[in-house]
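Engineer: fold the stuff below for me.
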Amino acid sequence: MSPEEMQNSMMKNLIAKTGNTLEHWKAVVAASGLAKHGQIIKMLKSDHSMTHGFANLVAHKYLKTDSASANPDTDLVAEMYAKGKDHLRPIYDVLVEQVKTFGSDVEIAPKRAYVALRRKKQFGLIQPSTKTRVDVGINIKGKDPEGNLEASGSWNSMVSHRVRLASIDEINDDLFSWLKEAYDNAG
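Structural biologist: Sure thing, here's the model as predicted:
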């Protein structure tokens, strides 16, 4: 099932699973005064017992249609891949597209220098580290380095391993397998 099909399925099930329409949930978010994706998800989950997947869907839909504030996530990703790193953006796009297929509870959370990959906790990250390389951090403690999977060492303490990518051609099934393992462990 493609990410678009998953989103369409969730939209069809929103009323049945949450008891209210998307427009209702957008009004709840607007009334809360929250403007950050993560804050909106947290509020919907804690105050309205919404599952992470539906909270994430509502947050995305609200932020895309809220004309009062631009979606800061889009700007952060664009900034990361600006200034000589734009040729690396396709690597990010392929990685994110695949990671989203792991489950409806995947959260893509852009920060200033990297994009966190989260489930119940962070399981990975994508960072354009140099003008020639994207680093993929993966949190799979206890796994021995193999192939292009190396221990993260002092690179980033939030993950246990990293894979260095200079082109889309270096993305392989092993990388997605390691990311999926980290995702499964984060649930």
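Engineer: send me whichever strand or helix holds Tyr62 as CSV with only the CA atoms.
Structural biologist: Element membership for Tyr62 (DSSP states H and E) is helix 52-65. Output in CSV follows, covering the C-alpha atoms of helix 52-65 (Å, rounded to 0.1, in the frame of the first residue of the first chain):
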residue,chain,number,x,y,z
HIS,A,52,-0.5,8.5,17.1
GLY,A,53,-1.4,7.7,13.5
PHE,A,54,-4.6,9.7,13.6
ALA,A,55,-3.0,12.5,15.6
ASN,A,56,-0.2,12.8,13.0
LEU,A,57,-2.8,12.9,10.2
VAL,A,58,-4.8,15.7,11.8
ALA,A,59,-1.6,17.7,12.6
HIS,A,60,-0.4,17.4,9.0
LYS,A,61,-3.8,18.4,7.6
TYR,A,62,-4.2,21.3,10.0
LEU,A,63,-0.7,22.7,9.4
LYS,A,64,-1.2,22.4,5.6
THR,A,65,-4.4,24.4,5.7
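Engineer: how far away from the center of its chain is it?
Structural biologist: 13 Å (CA atoms, centre = their mean, to the nearest Å).
Engineer: contact partners of that helix?
Structural biologist: Helix 52-65 is contacted from outside by 7, 10-11, 14, 17-18, 22, 25-26, 29-30, 35, 37, 40-41, 44-45, 50, 69, 71, 73, 103-105, 107, 119-120, using CB atoms under 8 Å, 6 or more residues apart in numbering. Placement of C-beta: from N, CA and C, glycine included.
Engineer: sort out for me which of those are in helices.
Structural biologist: When DSSP state H is applied, the contacts of helix 52-65 are split such that 7, 10-11, 14, 17-18, 22, 25-26, 29-30, 37, 40-41, 44-45, 73 fall in helices.
Engineer: only whichever of those are buried, select them in PyMOL.
Structural biologist: The following PyMOL line selects those of the ones in helices among the contacts of helix 52-65 that are buried, judged by 16 or more other CB atoms under 10 Å:
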select buried, resi 7+10+14+18+22+25+26+29+37+40+41+44+73
